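Peer 1: any chance you could fold what I've pasted below:
(3 chains)
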Amino acid sequence: MATAVQATVERENYLNNGYTLKSWLLTKDHKRIAILYLISITAMFFVGGFFAMLIRLELLTPAGDLVSSDTYNKLFTMHGISMIFFFLIPSVPAVLGNFLIPLMIGAKDLAFPKLNLASWYIFMIGATFGLTSMLLGGVDTGWTFYTPFSTTYSNTHVIGAALGIFIAGFASIFTGLNFIVTIHRMRAPGMTWNRLPLFCWSNYAASVIMVLGTPVVAITILLVALERLFHIGVFNPALGGDPLLFQHLFWFYSHPAVYIMILPGMGVISEVVPCFARKRVFGYEFVALASIAIAVLGFLVWAHHMYVAGISVYAALVFSLLSYLVAIPSAVKVFNWTATLYKGSIRYDTPMLYAFAFIGLFTIGGLTGVFLASLGIDVHVTDTYFVVAHFHFVMVGGMVVAYLAGLHFWWPKMTGKLYPEGWAKLSALLVFVGFNLTFLPQFVLGYMGMPRRYHAYPPEFQVLNVLSTAGASVLAVGYVLPMIYFVWSLRYGKDAGPNPWNAVGLEWMTESPPPTHNFDETPVVTWEAYDYEHQPDEEVTVGR
Amino acid sequence: MAASDIEIAEHNLQHHFADMDQQRETSTFGMWLFLVTEIMFFGGLFCAYLVYRATYYQAFVEGSQTMNIWLGATNTAVLICSSLSMAMAVRCAQLDQRKMMVILLIVTMLFGAAFLGIKAVEYHEHWTHHQFPGPNFQFEGAEAAGVSPQNVQIYFSLYWAMTGLHALHMIIGIGLVTWITIAGARGHYSADYYSPVENVGLYWHFVDLVWIYLFPLLYLISKKHGG
Amino acid sequence: MGIWAVLMVLTGVTVFASFIELGDLNIVVALVIATIKATLVVLFFMHLYYSSKLTKVTVVAAVFFLFLLLALSMTDYLTRHWLTNPMR
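Peer 2: Numbers count the residues shown, from 1 in each chain, chains lettered A, B, ... in the order given. Just a heads-up that it's a prediction; the model follows:
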């Protein structure tokens, strides 16, 4: 709880335990692997952001004047692929999950440390394939790879990109496998399921999805590659195949995939809110079970992406009903976080600001998802900017915001340094304002009929598009600033003690940064989760 | 002089586990989870099969007539025998009967190789009859039987994809068994530490399982010609 | 060894049954026999019978989710022709 006094002799921790490149590239320490992932996915985030910038620049004017339509197709495809497969899906699990789960359960490492390292290498190979395809001329099929365009008619580097995603999928599977086994088998004495931090519950649920869903998209991508190579016709109507079969198999994974992306983010919020409200989470069991419910129900709704694709109307009805159901556990979580705030003692540090943003923006994104689940509304707004706005609200306003919340919350733990609070608050504000300016107009645009994936549009849509692009510029600044001050803090930041936020949790009971072996002695847990009643609420000395 | 059981066990206890029991249970659970992913991986192909069989049943009947039931049945028997020898090898590892274990593992590998050999013969047959999907695909007798050759090609696409993926897993399996045979022969395992043998065994049985479903679905569709 | 014998017998049965024309029942018989064989392999060769509850739940869960993939996809394919225009 007190700020650590740095002795003249630097204490051994996971960061200074070996400085060579080899000690990092051959590490089995889950904390170092988390840092490796942090660097990789940040790079991929900026790759995706670069494509987004070009998209928004093109959409400043109604005419398709910046790039050709073919190039535009490549831009939104590569934006989607980089962001979804190489940034969002790994983000919280591979960075924060890898770092924190063993600490949170009192273990020395994950169950399979070598598999963890292999996971990172596999991710890197996949990302390299993806990047190479992009550099060699790109892909233009949309991140959804619909057939028969992707299998027969596209002239771009489909197989290279598909291969990259296939390989990165295995990284995801192995991470999920590692988490499930670790949480089942490696909890410290006294760390029962009822005391498990909700961050672990969320990552567990996301891992179940990773393990069950990713293989299906893997085989689907393999079939696409085979079809492209051998012209076999499994998805090609001209040869008797059914393009909808591709869509069924693709969305069987890709819908649960969005829950892979959001669940860990929800886990972050479940940690941040009780800490900065100084109160245990309202309805812990409900939040935990809601994570599991989201994971299970998420597998039952995929064809809501296919309402107008040609599936039978009866199937559409079934999937519409199921899609309404999946909103319920998410709503439960939002209610419970809000109830946690009631009569809490709220502090407005940066992680909490991001958490507030998450709760509001995710609610909007989630509700618009329920609108889309309705068959009637969906027929009107499908393939318009309404859908684009919906998923950016949940993915960016939800997930990226949660990721930033988590990075700020645990940065002192991971690096032993405090970031500059003033700049952090400014960035949070820029992110919030920029985000809303970018994506709120898109709901209107979509409802008015502007189609997605078009590089030209009728002139009456221009004002809203200009607002959107302006917002994107603000958002970009909000994303670049943390890059700068986080790196700055590594050298010049104030030292954080073991527990600068006065939070409850095993990870806060070891040093910052933690030693390689995590805990000097295996902890024995005798208190309930989020035991903030018994945690003294001392003045938090975050860097001013 | 071979290391004692305790020494082998201690040497293999990894630092983040409390004891060998935890390590063993953890590694086996991990392998089962991996097999879960394999179930879903093949599952996608089974879904495609289900959809197209329902839609193009007659074409599937025609395509399946070209399969050699006796070779397929023999292969099924071969795999079941290999599962038996594998299960017995795991038992030997549990009981520290090193020599018997190595022999049984080699027998397993031989059965596996036999399976692949028979499969190769079948593949050759299909290949020379232009039954590989693609621009060179031919299927005589399609019109006579009242089915579109395109739809029969879909049957063959699934046949080659499913059995090909299965054969790839067999090859990997034989590689894994080779690894534990060598390690076992060198005395790396004992009654306290034989997880690799058990886990490779699980993988091997899984590959057998997939074939147990592939055989009736691909070979035994119907003995009657349509109409 | 007993399990092995049963498996071999079942293989024979399944081949034999495919020669009998049972119409739609053929596939049911074939899949039932295959599932019995699979269950035996999983329970006894793979020792699931002797494994922890966690492992058993895991395997059941995998089969369940595969079933979901197959069943929900078929809700589309089996009902597509329902929508033929009754006015025609």
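Peer 1: ok, so what distance separates the nearest residue to C:Val42 once chain neighbours are set aside from chain A?
Peer 2: Closest residue in space to C:Val42, ignoring its immediate chain neighbours: C:Leu48 at 5.1 Å, by CB to CB, 6 or more residues apart in numbering or on different chains. (Glycine included, C-beta is placed from N, CA and C.) The spacing between C:Leu48 and chain A, counted by CB to the nearest CB, to the nearest Å, is 17 Å.
Peer 1: how many residues are close by C:Leu48?
Peer 2: When counting by other CB atoms under 10 Å in any protein chain shown, one arrives at 20 neighbours for C:Leu48.
Peer 1: buried residues, stretch A:337-346. List them.
Peer 2: Buried residues in stretch A:337-346, counting neighbours by 16 or more other CB atoms under 10 Å in any protein chain shown, are found at A:Trp337, A:Thr340, A:Leu341, A:Gly344.
Peer 1: out of those, who's nearest chain C?
Peer 2: Nearest to chain C among the buried residues of stretch A:337-346: A:Trp337, at 28.5 Å, using CB to the nearest CB.
Peer 1: quick one: list the elements packing against the longest helix along chain A.
Peer 2: Counting by DSSP state H, the longest helix found in chain A is helix A:243-277. Here helix A:243-277 touches helix A:198-230, helix A:284-297, helix A:313-341, helix A:350-373, helix A:401-415, helix B:20-55, helix C:53-77, going by 3 or more CB pairs under 8 Å, 6 or more residues apart in numbering or on different chains; DSSP states H and E.
Peer 1: what ranges do the strands span in chain B?
Peer 2: Counting by DSSP state E, one finds no strands in chain B.
Peer 1: where in it is pLDDT low?
Peer 2: B:1-11, B:223-227 (pLDDT under 70).
Peer 1: tell me which residues of the helix or strand encompassing A:Phe435 are tucked away?
Peer 2: Assessed by DSSP states H and E, A:Phe435 sits inside helix A:421-448. Residues of helix A:421-448 classed as buried: A:423-424, A:426-428, A:430-432, A:434-447 (neighbour count, 16+ other CB under 10 Å).
Peer 1: now for that helix, which elements pack on it?
Peer 2: helix A:350-373, helix A:375-381, helix A:385-392, helix A:401-415, helix A:462-492.
Peer 1: tally up the residues packed near A:Val487, please.
Peer 2: A:Val487: 12 neighbours (other CB under 10 Å).
Peer 1: would you map the helices across the stretch 101-250 of chain A?
Peer 2: A:113-135, A:158-185, A:198-230, A:243-277 (DSSP state H, counting those that start in this stretch).
Peer 1: whoops, I mixed them up, chain B
Peer 2: Secondary structure of chain B (DSSP H): helices located at B:5-12, B:20-55, B:57-65, B:69-94, B:98-128, B:142-145, B:149-185, B:195-219.
Peer 1: point me to the residue of the stretch 1-150 of chain A nearest chain C.
Peer 2: Ranked by CB to the nearest CB, the top residue of the stretch 1-150 of chain A for proximity to chain C is A:Ala111, at 13.3 Å.
Peer 1: picking up where we left off before, turn the helices and strands packed on helix A:243-277 into TSV, including distance to A:Gly190.
Peer 2: Formatted as TSV, those follow (distance: least, CB to CB, whole Å):
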stretch	distance to A:Gly190
helix A:198-230	15
helix A:284-297	17
helix A:313-341	24
helix A:350-373	27
helix A:401-415	22
helix B:20-55	16
helix C:53-77	20
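Peer 1: let me see the domain layout of chain C.
Peer 2: Chain C is divided into the following domains under automatic domain parsing: C:1-48, C:51-83.
Peer 1: can you tell which of these is closest to A:Arg278?
Peer 2: For the domains of chain C, distance to A:Arg278 was read as CB to CB. The smallest value, 36.1 Å, belongs to domain C:51-83.
Peer 1: now do the closest one, average pLDDT.
Peer 2: Averaged across domain C:51-83, pLDDT comes to 90.
Peer 1: just stretch C:35-43 next, same as before
Peer 2: Mean predicted confidence for stretch C:35-43 is 91.
Peer 1: please compute how far that stretch lies from its chain's middle.
Peer 2: Computed by CA atoms, centre = their mean, to the nearest Å, the separation of stretch C:35-43 from the middle of its chain amounts to 10 Å.
Peer 1: got it, and stretch A:123-142?
Peer 2: With CA atoms, centre = their mean as the basis, the mean position of stretch A:123-142 lies at 20 Å from the chain mean.
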